[in-house]
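Q: Sequence and predicted structure below; questions after.
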Amino acid sequence: MQEDTIAAISTPIGEGAISIIRLSGPESISIVNGIFKTPDNHGLIEAASHTIHYGHIVDPEDNSIIDEVLVNIMRAPRTYTREDIVEINGHGGGVPLRRILELVMRGGCRLAEPGEFTKKAFLNGRIDLAQAEAVIDIIRAKTDLGSRVALSHLKGSLSKEIEEIGDEIIDIVAAIEVAIDFPEDDLEDVDISNITDDLLGISKRLSHLLDTADSGRILRQGLKTAIIGKPNVGKSSLLNLILRESRAIVTEIPGTTRDIIQETVNIKDVPLILLDTAGLRETGELVERLGIERTLEALEEAELILYVVDSSTELTSEDHDILDRSVNKDVIVVLNKIDLPSITTKETIRDLLKEKGRDLPIVQISAKNRSGLEDLERVILEEVFKGKSLSGAQDLIMLNVRQKDLLERGIKRLNEGLDGIERGLPADIIALELKAVGRILSEITGKFIDEEIIDRIFSQFCVGK
Amino acid sequence: MEIYDVIVVGTGHAGCEAALAAARMGCKTLLFTLNMDNIALMPCNPSIGGPAKGHLVREIDALGGQMGKNIQKTALQIRRLNTKKGPAVQALRAQADKKRYFAVMKYVLENTENLELRQGLVDEVLVKGSQVAGVSTNTGSIYHGKTVILCTGTYLKGRIHIGEVSFESGPYGQFPSLRLADNLRSLGFEMVRFKTGTPPRIDARTIDYTKMQKQTGDRLLGGFSYEEEESLTQELPCWLTYTTPETHRIIRDNLESSSLYGGWITGIGPRYCPSIEVKIMRFPERERHQIFIEPEGWKNNEMYVSGLSNSLPEDIQTIMIRTIPGLEKTHITRFAYAIEYDCLVPTELKLSLETKRIDGLFTAGQINGSSGYEEAAAQGIIAGINAALKVKGEAPFILDRSESYIGVLIDDLVTKGTEEPYRIMTSRAEYRLLLRHENADIRLSEKGFRLGLLSPPRYKEFCEKKVLIEEEIKRLKTSEIVPSKEINNALESIGTPPLKKPIPLAELLRRPDVDYRAVDILLPSEFKLSADVIHEVETEIKYEGYISRQLNEVERFKRMEERRIPYDLDYSKIPGLSSEAIEKLEKVRPISFGQASRISGVSPADISIVMIYMEEQRKGKRG
């Protein structure tokens, strides 16, 4: 019996200097071999059991290096699951880790369900009776958590959109199927070539979704964040506070386009890419050194703006200016220096915002006393996942890798279907392909499409003797 | 004391197939009919086949059943449907001569070894403990049997409704079976009340065909049966007309007097077979509905008015039907009616169609909540086979969803139950690209032969056909066609690009504008291949990518189907299972994890928990 190969990040995300992705199943070695390069070019296929290999994870599509890693090979049956296991030890959490997970999934394994490694271990006779009940608890608990997260996502715009698209697909499939199953009824025949436009539209919408599925993309790539404000409001102190207090500084990537130095910090597992931190750090004050131009540039590029206001001074026309120029951005107002006697208060700012017709979150901090950072982190998360509840960042991240994978597969299958129409394939095959797309999408929304199609046939078409 | 191996109750389409299968497998079989003059009755439309239904008929035939041969012999016309909609959904539909259909089936039953026919009304299933023992009739006779198959159709507590009038009756003027349903209830079976209906029949002499569109058959050679190749020398046409706004007005004005809208009917009717009242109320924007006039046979003036099923009072029916072009002066011979009947909740059954409650008691056909002659016959042959296997002490015969529509039908019923009379559809089959009506023999003949239902000569013929297909596919894949001026000219003449380098014939055949005939002319096969074989070869090659994709899916599917669950597993003892899952699993008692995963209300987590529990038990026993 050929079992699936599964993979998961097996270390807590955002903690510790090393993180591990673990694969289990008959194809684990060959999948990792496909994305792994050793200095002496020895492959993993022949590698002996229980050996460690140094090398790099490389994206086979463009040969770019993702991470420097150690790979452990453990061959069946002397492993935890009694299947072939490969563990990839990489550097910390963040972007590379998720990229590696995406690569192995592209290579043909699927994301492990909660508790699945342990389940395999048990089913393959690796762990004993006493542990069985614990396994059940894990499965039950994690699944409940997972479904909670899934549920909260269902309320999100992403899932709503996918549901709508799924619905459209069901409509199209039902129209094809009813003509197939009731060929002698008085129905308009579906001309397959006529549905091409609809399908192209759906394909575009899905691709767009993939590009802009905000939380998912942010979790993978990071959120571009700028700290902005008038001189002397405490921007650099805020930066230093964030850098010092956030648990892991992941990478320091030299900017390629504008000499902007970016720094990534993790706020509760959400990577923030802080724009032009070099400027802030070296001189203390961006605006002083480079003037308003540079501020505007950062403001332009940022997706999230931390707008710092000094509570011990008055608001000025420059504050109006900053607000006016950030109309289309997510902005958090950071009211700093609350340790000093306050002149500008939350209320003052609220009045200003009201005047501007805006409603922005306001956080009070004291960079000097290191207070208020937790509030700020919480508000940042709220901004990132607007309207979505966070029941556990780890589950959320997994879900998003999964969603992305499903979306990509859905789009691929849909485009194959379009291709089929182009090549003149008949209705029954096109309907099967579209059903497959629907089924893939339904894994995101959790709706079973097969029954829906049949319901749709009977509710929308007048058939029968 | 005489003991039958198998007692079959009912001679509808399910009962006939069940009795024939059991008798042909060597079991001493007794077949009860309510009326020796009404065997294999078609109380509704005089047609067999259509998408998925026609597939079922071919599968029955491939297993060695009777329906395909019978319709082939008695067809008034045969049409090939969905010819341009793809390889998987092409299907045959035949109009049947009802009386001949009956006569031919009766003759076959009468001349089958091990099979006895008897007229009688069975009132009770006799049970010893939880084991079936036989049946008793309304005249007090007792018959002993090792197994019993109930194929009672719409007869159980049958009640006919016409307007406000209703009376106890079987379909088509037959006796109802009034006591058996109560007997089944007292045995503990969960029952449900369903409803169906039939349109009026009219006198052919009173139809003005000039106002209708004529529809003839496709004059096909062979078709439904792999064996019977009798071709139609003479055809009868069908006729097409439409309802008018006046028809709709009359129905709307008299809605309250229809049994359905007047609230006289409580049974659940099928969505796919709405009566004309329902169509008009649910689709008010439609200005007309199609009416299909179907002949019921040679030397038979009755015509079936498809599309006009209703439960209106008789006088309204007459006024209403006369608003339809061509039917202005028509005379109704039999009025439309709705019929309610009792049936089993099909989750009472195992996949073998044996009931879970009573050992040796099987049910097939409309008693299981299905509708349609073909659906009934398909269940009939499976129940007959399994009763025979039970008598012989052998394991049940179960077809799965990946190998047949029969498997889809039975698995749907038994695993998911049904909220309405169940109809098979191609859209219900996940692997329909593999379940073509042309390859039913490839899928099932081997099995039919092993069961002893397929004769050795026919099996030999099948094996030869299979080899021819395999060899020809091999040839097309391995022989290359080398471009020459002549060949490229020929290719361009049929509108396909010339070759630049040698390619396998199969690759050429995959081009949308190239068919087998063209390939065969360019590089002929040494064998003279039949149309059947060619069709199969062409499909397998042209759609190979999609077929192999489905084969991969089937492999995954089979993995879960092969992971067995013991029938007597005590789900209530499994820690961690939700109470909904326990209830559903106890009701359905799936035989495999695959089947379990199709039960609504059973989550993937529940499946994992059961898997772990079973493993734990296994280790516990061993340790």
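A: Noted; the coordinates are in hand. Numbers count the residues shown, from 1 in each chain, chains lettered A, B, ... in the order given.

Q: The residue of chain B found nearest chain A and residue A:199: what is the separation?
A: Of chain B, the residue with the smallest distance to chain A, taken as CB to the nearest CB, is residue B:86 at 3.1 Å. Heads up, the C-betas are built off the backbone N, CA and C, glycines and all. Shown here: residue B:86 relative to residue A:199, a distance of 17 Å by CB to CB, to the nearest Å.

Q: Of those two, give the one with the bigger neighbour count.
A: The neighbour comparison of residue B:86 against residue A:199 (other CB atoms under 10 Å in any protein chain shown) goes to residue B:86, with 26 against 21.

Q: Could you pull out the strands in chain A for me?
A: Ranges of strands within chain A are A:6-9, A:18-24, A:36-37, A:51-59, A:64-74, A:85-91, A:110-111, A:223-229, A:249-254, A:261-267, A:270-274, A:304-310, A:330-336, A:362-364, based on DSSP state E.

Q: Looking at the ones you listed, which is nearest to chain B?
A: Closest to chain B of the strands of chain A is strand A:110-111 (CB to the nearest CB; 11.6 Å).

Q: so what strands line up beside the closest one?
A: strand A:6-9 (parallel) (DSSP bridges).

Q: follow-up on the earlier one: for the strands of chain A, please prepare a markdown table with the additional fields distance to residue B:66, mean pLDDT and mean neighbour count.
A: Formatted as a markdown table, the strands of chain A follow (distance: least, CB to CB, whole Å; pLDDT from 0 to 100; neighbours: other CB atoms under 10 Å in any protein chain shown):
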| stretch | distance to residue B:66 | mean pLDDT | mean neighbour count |
| --- | --- | --- | --- |
| strand A:6-9 | 49 | 88 | 24 |
| strand A:18-24 | 52 | 88 | 22 |
| strand A:36-37 | 62 | 94 | 19 |
| strand A:51-59 | 62 | 93 | 16 |
| strand A:64-74 | 59 | 90 | 17 |
| strand A:85-91 | 56 | 91 | 22 |
| strand A:110-111 | 47 | 84 | 17 |
| strand A:223-229 | 70 | 82 | 24 |
| strand A:249-254 | 73 | 36 | 14 |
| strand A:261-267 | 72 | 65 | 21 |
| strand A:270-274 | 68 | 74 | 24 |
| strand A:304-310 | 74 | 89 | 24 |
| strand A:330-336 | 72 | 90 | 23 |
| strand A:362-364 | 80 | 92 | 19 |
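
Q: doesn't residue B:116 fall inside a strand?
A: Yes - judged by DSSP: H, G, I helix; E, B strand; the rest coil, residue B:116 forms part of a strand.

Q: what sits against the spatially closest residue to it that is not a sequence neighbour?
A: Closest residue to residue B:116 apart from its sequence neighbours, by CB to CB, 6 or more residues apart in numbering or on different chains: residue B:30 at 5.1 Å. Neighbouring residues of residue B:30 by CB atoms under 8 Å, 6 or more residues apart in numbering or on different chains: B:4, B:6-8, B:116, B:118, B:143, B:145.

Q: Scan these and report the most crowded one.
A: Highest count within the contacts of residue B:30 by other CB under 10 Å belongs to residue B:8, 37 neighbours.

Q: per-residue confidence at it?
A: As predicted, residue B:8 sits at a pLDDT of 98.

Q: For it, give the beta-bridge partners.
A: residue B:31, residue B:149.

Q: ok, now residue A:225?
A: In this entry, residue A:225 is beta-bridged to residue A:274, residue A:304, by DSSP bridges.

Q: State the distance from it to residue A:382.
A: From residue A:225 to residue A:382 the distance is 14 Å (CB to CB).

Q: How about stretch B:538-555, which residues are buried there?
A: B:538-543, B:546-547, B:549-550, B:553-554 (16 or more other CB atoms under 10 Å in any protein chain shown).

Q: Give me the residues contacting that stretch.
A: If you take CB under 8 Å, 6+ apart as the criterion, stretch B:538-555 is touched by A:2, A:425, A:429, A:432, B:87, B:402, B:430-431, B:433-434, B:436, B:438-439, B:469, B:473, B:476-477, B:506, B:509-510, B:515-516.

Q: Just the buried residues of the residues you listed.
A: Using 16+ other CB under 10 Å as the burial test, the contacts of stretch B:538-555 include A:425, A:429, A:432, B:87, B:402, B:430-431, B:433-434, B:436, B:438-439, B:469, B:473, B:476, B:506, B:509-510, B:516 as buried.

Q: re earlier: do you know the pLDDT at the residue of chain B closest to chain A?
A: 91.

Q: isn't there a strand covering it?
A: No - according to three-state DSSP, residue B:86 belongs to no strand; its state is coil.

Q: Could I get the contacting residues of it?
A: Neighbours of residue B:86 in contact, by CB under 8 Å, 6+ apart: A:425-429.

Q: same thing but at 7 Å, please
A: Each residue near residue B:86 by CB atoms under 7 Å, 6 or more residues apart in numbering or on different chains is listed here: A:426-429.

Q: for residue A:414, same thing?
A: By CB under 7 Å, 6+ apart, the neighbours of residue A:414 are A:199, A:202-203, A:206, A:437.

Q: now residue A:21, nearest residue through space, not along the chain?
A: residue A:88 (4.5 Å).

Q: What's opposite that neighbour in the beta bridge?
A: residue A:21, residue A:71.

Q: wait, doesn't it sit right on residue A:28?
A: No - judged on CB atoms under 7 Å, residue A:88 makes no contact with residue A:28 at a distance of 10.2 Å.

Q: before we move on, the earlier item: in a markdown table, list the strands of chain A along with distance to residue A:122.
A: A markdown table is the format used below for these (distance: least, CB to CB, whole Å):
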| stretch | distance to residue A:122 |
| --- | --- |
| strand A:6-9 | 14 |
| strand A:18-24 | 13 |
| strand A:36-37 | 29 |
| strand A:51-59 | 26 |
| strand A:64-74 | 18 |
| strand A:85-91 | 15 |
| strand A:110-111 | 19 |
| strand A:223-229 | 40 |
| strand A:249-254 | 35 |
| strand A:261-267 | 34 |
| strand A:270-274 | 35 |
| strand A:304-310 | 44 |
| strand A:330-336 | 46 |
| strand A:362-364 | 47 |
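
Q: Can you name the residues of the stretch 351-465 of chain A that neighbour chain B?
A: Counting by CB under 7 Å from any CB of the partner chain, the stretch 351-465 of chain A comes close to chain B at A:423-424, A:426-429, A:432, A:453-454, A:458, A:462-465.
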